[in-house]
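Enquirer: Need coordinates for the following:
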Amino acid sequence: MEFSGTDEKIKCIDCSQEFLFTVNDQQFFKDKGFTAPKRCKACRQAKKEERAGNPNNAPAAQVQSYSEPWQDEQRGGGRGKKKHARGRR
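Expert: As a prediction, this is how the structure comes out:
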């Protein structure tokens, strides 16, 4: 979105409500190198709180499905046992 010299109404991508993107906000975003907001203030706050509850900022499905490499080996996947270059002594 190109920043203009007038206040703009933007439709929130989460709740579909319109919110005002003021000239002062536009200048702040431009100065910081940010793009125009996509969410209203309430939805931005809700999104921040959602991320704060998830320390890796990953979707819940990814957090629950994470497995350690050794767990894959126990299931028959993985690389198997390592062979040492020198052999056993």
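
Enquirer: number of nearby residues for Cys43?
Expert: 18 (other C-beta atoms under 10 Å). The C-beta positions use only the backbone N, C-alpha and C, and glycine is treated the same way.

Enquirer: Spatially nearest residue to it (excluding sequence neighbours)?
Expert: In space, and not counting its chain neighbours, Cys43 is closest to Asp14: 4.1 Å by C-beta to C-beta, 6 or more residues apart in numbering.

Enquirer: Quick check: that neighbour vs Ala46, distance?
Expert: Counting by C-beta to C-beta, to the nearest Å, the gap from Asp14 to Ala46 is 8 Å.

Enquirer: can you pull the contacts of the residue nearest to Cys43?
Expert: Asp14 is in contact with Arg39, Cys40, Cys43, Ala46, Lys47, counting by C-beta atoms under 8 Å, 6 or more residues apart in numbering.

Enquirer: Torsion angles phi and psi at it?
Expert: For Asp14, the backbone dihedrals are phi -90, psi -50 (criterion: degrees, to the nearest 10).

Enquirer: Please renumber the chain so that the first residue is 57 from this point on.
Expert: In the new numbering, first residue 57, that becomes Asp70.

Enquirer: Am I right that Val79 is in contact with Lys86?
Expert: No: using C-beta atoms under 8 Å, Val79 is not in contact with Lys86, being 10.4 Å away.

Enquirer: For Asp63, which non-adjacent residue is spatially closest?
Expert: With sequence-adjacent residues excluded and distances taken as C-beta to C-beta, 6+ apart, Asp63 is closest to Thr78, at 5.0 Å.
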